[in-house]
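Enquirer: Here is my input; please provide its structure:
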Amino acid sequence: MALSRARAVSSTISSKPNMTSHLLTHDITSQVGNCMPLSMMRIGTVIHNVELRPGQGGKLVRSAGTSAKILKVPTSRYCLIRLPSGTEKFIDLRCRATIGTVSNPSHGAKKLRKAGQSRWLGRRPVVRGVAMNPVDHPHGGGEGKNKGRHSVTPWGKPTKGGYKTAPPKRRKRIYTI
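Expert: All right, here's what the predicted structure looks like:
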């Protein structure tokens, strides 16, 4: 008797209740909802829940209605996929992904009727800098509705004109393999 454990699995657009999905390592059945290594998938396959490193668990393309596409599988260790943002990224061929598009594509189109519904979702209100006191924001204070200076972040760094606000060390870490 094989041991199995219950896990949360993302559902695809075409999945139905009580439908089973498989975690494949050697069988080549490309059905929607199956999770398999990128090396076993064909070019043009629509995928989601993609791992960044083998065995790490899905990190990319998990939000409602999104999908990525396999562009090419070179002979080396990496596969090129196009993410929903349009970015093309090389991913290790041993990494797993689930075939299909994540379900509930109309999730973002839901209209919230009152501020309380945003609060139920954990979203806090956004207060304008000019509505604050000078101790709270660089735009705060003053007589009337003028901010009195150029647009800046709450920490005083310019927001416009191409000014780099991220620390140099963090900018070096943001890269596409």
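Enquirer: Tell me who's in contact with Leu60.
Expert: With contact taken as C-beta atoms under 8 Å, 6 or more residues apart in numbering, Leu60 is in contact with 49-52, 68, 83, 89. C-beta: built from backbone N, CA, C; applies to glycine.
Enquirer: Could you pick out which of the residues you listed are located in strands?
Expert: Residues of the contacts of Leu60 located in strands (DSSP state E): 50-51, 68, 89.
Enquirer: Closest one of the residues you listed to Tyr163?
Expert: Within the ones in strands among the contacts of Leu60, the smallest distance to Tyr163 is 27.2 Å, found for Lys89 (C-beta to C-beta).
Enquirer: Quick check: that closest one vs Cys79, distance?
Expert: Counting by C-beta to C-beta, to the nearest Å, the gap from Lys89 to Cys79 is 9 Å.
Enquirer: who has more neighbours, those two?
Expert: Neighbour totals were compared for Lys89 and Cys79, and Cys79 leads with 24 against 18 (other C-beta atoms under 10 Å).
Enquirer: residues in contact with the helix or strand hosting the more buried one?
Expert: If you go by DSSP states H and E, Cys79 is part of strand 78-82. Applying C-beta under 8 Å, 6+ apart, the contact partners of strand 78-82 are 38-39, 47, 50, 68-74, 88-93, 177.
Enquirer: Most neighbours among the ones in strands among the contacts of Leu60, please name it.
Expert: Of these, Ala68 is surrounded by the most neighbours, 24 neighbours in total, counting by other C-beta under 10 Å.
Enquirer: part of a strand, is Lys59?
Expert: Yes. Per DSSP: H, G, I helix; E, B strand; the rest coil, Lys59 lies within a strand segment.
Enquirer: wouldn't it be in contact with Val50 here?
Expert: Yes. With the criterion set as C-beta atoms under 8 Å, Lys59 and Val50 qualify as a contacting pair; they are 7.0 Å apart.
Enquirer: hmm, back to that, using CSV, please lay out the contacts of Leu60 together with pLDDT and distance to Thr101.
Expert: Below are the contacts of Leu60 laid out as CSV (pLDDT from 0 to 100; distance: C-beta to C-beta, whole Å):
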residue, pLDDT, distance to Thr101
Asn49, 93, 11
Val50, 94, 13
Glu51, 94, 18
Leu52, 92, 20
Ala68, 94, 9
Leu83, 94, 13
Lys89, 91, 18
